[in-house]
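Novice: dropping a prediction and its sequence here:
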Amino acid sequence: QVQLAESGGGLVQAGGSLRLSCTASGRTFSSYSMGWFRQAPGKEREFLAIISWSGTSTSYADSVKGRFTISRDNAKNTGYLQMNSLKPEDTAVYYCAAPKTRYYYNTGIASFDSWGQGTQVTVSS
């Protein structure tokens, strides 16, 4: 498994922006896709975005398409989630995740076996 650590969460007003970071260690970061998920109280963990190992392919959930952008810097072993036009319903704990298999690109939550500890994002109205 890879060790993942998120940072960058916080409190922001509706319409504002935040950038989350996910720093990886423990295996070759550049060989694995990376995903972002979130979980609000009382709700299931929700897929948000995925980026391929090379960064050339991305996919987004409809709920964040056009507002969130996933990216990565393999030289820094770090992935990012830029979140713009935030809404109160974006309030949740945000997690980055990596899949079990190298060069594997799938948005299903069961594909991911390494998770960060999560970072809280709160959007006030």
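Specialist: Good, I have the coordinates.
Novice: partners of the helix or strand harbouring Q82, with directions?
Specialist: Q82 is located in strand 78-83, with elements delineated by DSSP states H and E. According to DSSP bridges, strand 78-83 forms sheet pairs with strand 18-25 (antiparallel), strand 68-73 (antiparallel).
Novice: surely N77 and R27 touch.
Specialist: No. Between N77 and R27 there is no contact under C-beta atoms under 8 Å: 9.8 Å. C-beta: built from backbone N, CA, C; applies to glycine.
Novice: mind giving me the packing neighbours of the host helix or strand of S59?
Specialist: Element membership for S59 (DSSP H and E) is strand 58-60. If you count contacts as 3 or more C-beta pairs under 8 Å, 6 or more residues apart in numbering; DSSP states H and E, strand 58-60 packs onto strand 46-51, strand 68-73.
Novice: who's in contact with E89?
Specialist: V123 (C-beta atoms under 8 Å, 6 or more residues apart in numbering).
Novice: how far away is it from S54?
Specialist: 32 Å (C-beta to C-beta, to the nearest Å).
Novice: cool, and D62?
Specialist: For D62, the distance to S54 (C-beta to C-beta) stands at 25 Å.
Novice: and these two? which has more neighbours close in?
Specialist: Neighbour totals were compared for D62 and S54, and S54 leads with 12 against 6 (other C-beta atoms under 10 Å).
Novice: possible to save the helices and strands packed on strand 58-60 as a markdown table with distance to E6, mean pLDDT and mean neighbour count?
Specialist: As requested, these are exported to a markdown table (distance: least, C-beta to C-beta, whole Å; pLDDT from 0 to 100; neighbours: other C-beta atoms under 10 Å):
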| stretch | distance to E6 | mean pLDDT | mean neighbour count |
| --- | --- | --- | --- |
| strand 46-51 | 12 | 98 | 21 |
| strand 68-73 | 13 | 98 | 18 |
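Novice: which one, of those, ends up nearest to T23?
Specialist: strand 68-73 (10.2 Å; C-beta to C-beta).
Novice: need the residues that contact that closest one.
Specialist: 34, 36, 48-51, 55, 58, 60, 78-84.
Novice: please indicate which of those are buried?
Specialist: 34, 36, 48-51, 55, 60, 78-81, 83 (16 or more other C-beta atoms under 10 Å).
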